[in-house]
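Engineer: Quick one: sequence plus predicted model below, questions after.
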Amino acid sequence: PLSQPLLTGVFDDLESGTGFSVLSSLPAERFDRDGNAVLFAVVACHLGRVVDQTVARKKIEDIVDRGLPMNSKHRGYMGTHALAFHTDGSDFAVLYCLGEAAEGGHSVIVSVTAVFNAILDERPDVMETLLRGFHHHRRGEQPAGEAPYTERIPVFAVHDGLVHCCYNRNPVDWMDSIGLSYAPHETVALDYLDAVIARPEMQLHMGLRAGDMQFINNYNILHGRTAYRDGPGKKRH
């Protein structure tokens, strides 16, 4: 009961506020990995239903360096490289920090509404292309018998005056690997979108510490990560 007002505030931030929220200084040091997973799930269940993260139906994923490159066969977070800005497939995404990197590894977020308004003001000619959307490579995680790519998914959509975003440049670009490419004007639109997202004034950087929990609304917040380096006793998790 004591935590209910706090978690209600988090939900309000996500649903009708800034689109993100951070709880700091949770007692991560008191528990092992499994104990922290339970704590993580209990908090998450106050915000919605915990859904599968992968085709293997894992509910919680450990984001640690596994020495794997970023490509159509591996999830992007399995190495120490930077992650391009994207949205995830769920309504909300939650990160819980159990360990910090020796250097780097900041979480970076961008307002979808700010990006949408900038493009609408500066280059309305590319907006039609972004509203039409793109196919996404499904990285081999589609059910048996289904196509290896999605139908066109709009980058931006507007419903009841609210802007919704679904974007990840990598699976859009990976369509080349299965013989489907985009027209020059579509590439121009994607490049302009990425250039707006890359503006420093668009970005909010967060150095999450052990015990910090970050929540984002995937409809109106893009998120990425800076490259990082682990060191003795300093492993990003």
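Structural biologist: Alright, I've got the coordinates.
Engineer: for the protein, which spans come out with low pLDDT?
Structural biologist: Residues of the chain that meet the criterion pLDDT under 70 lie in 1-2, 71-74.
Engineer: ok, now with 90
Structural biologist: Flagging of the chain using pLDDT under 90 yields the residue ranges 1-4, 44-46, 50-60, 67-79, 89, 137-150, 171, 174-181.
Engineer: those strands in it, which residues are they?
Structural biologist: Counting by DSSP state E, the chain has strands at residues 20-23, 83-86, 92-96, 103-104, 107-111, 156-159, 162-165, 203-206, 213-217, 221-225, 228-229.
Engineer: who does the third one pair up with?
Structural biologist: Using DSSP bridges, the strands paired with strand 92-96 are strand 213-217 (antiparallel).
Engineer: Tell me what angle the partner strand forms with strand 107-111.
Structural biologist: 30 degrees (axes from the mean of the first three to the mean of the last three CA atoms, to 10 degrees).
Engineer: So for D12, which of the strands of the chain sits nearest?
Structural biologist: Among the strands of the chain, the nearest to D12 by CB to CB is strand 20-23 (8.6 Å). In short, each C-beta sits where N, CA and C put it, glycine included.
Engineer: That closest one: partners in the sheet, and parallel or antiparallel?
Structural biologist: strand 213-217 (antiparallel).
Engineer: got a list of what the residue lying closest to Y182 once chain neighbours are set aside touches?
Structural biologist: Spatially, and ignoring its direct neighbours in sequence, Y182 is nearest to F134 (7.0 Å; CB to CB, 6 or more residues apart in numbering). For F134, the contact set (CB atoms under 8 Å, 6 or more residues apart in numbering) comprises 152-153, 155, 172, 175, 182, 186, 190.
Engineer: Tell me how many other residues surround the closest residue to G99 other than its chain neighbours.
Structural biologist: Spatial nearest neighbour of G99, chain neighbours left out: H237 (3.8 Å); criterion: CB to CB, 6+ apart. Per other CB atoms under 10 Å, the neighbour tally for H237 reads 17.
Engineer: distance of H237 from D62?
Structural biologist: Going from H237 to D62 by CB to CB, to the nearest Å gives 7 Å.
Engineer: how close does the residue nearest to H185 when sequence neighbours are not counted get to L193?
Structural biologist: Excluding the flanking residues, the one nearest H185 by CB to CB, 6+ apart is T129, at 6.2 Å. For T129, the distance to L193 equals 9 Å [CB to CB].
Engineer: Tell me which of the two has more neighbours.
Structural biologist: Remark: of T129 and L193, L193 carries more neighbours, 26 against 20, as counted by other CB under 10 Å.
Engineer: wait, what's in contact with that one?
Structural biologist: Contacts for L193 (CB under 8 Å, 6+ apart) come out as 115, 119, 126, 130, 155, 167.
Engineer: Check the gap between the last one and G145 for me.
Structural biologist: Read it as Y167. Going from Y167 to G145 by CB to CB gives 27 Å.
Engineer: Could you check which of the two is surrounded by more residues?
Structural biologist: Ranked by neighbour count (other CB under 10 Å), Y167 and G145 place Y167 first, with 25 against 5.
Engineer: contacting residues for the more buried one?
Structural biologist: If you count contacts by CB under 8 Å, 6+ apart, Y167 has them with 85-87, 155, 193, 222.
Engineer: from the residues you listed, which is closest to C45?
Structural biologist: Closest approach to C45 among those (CB to CB): T87, at 21.9 Å.
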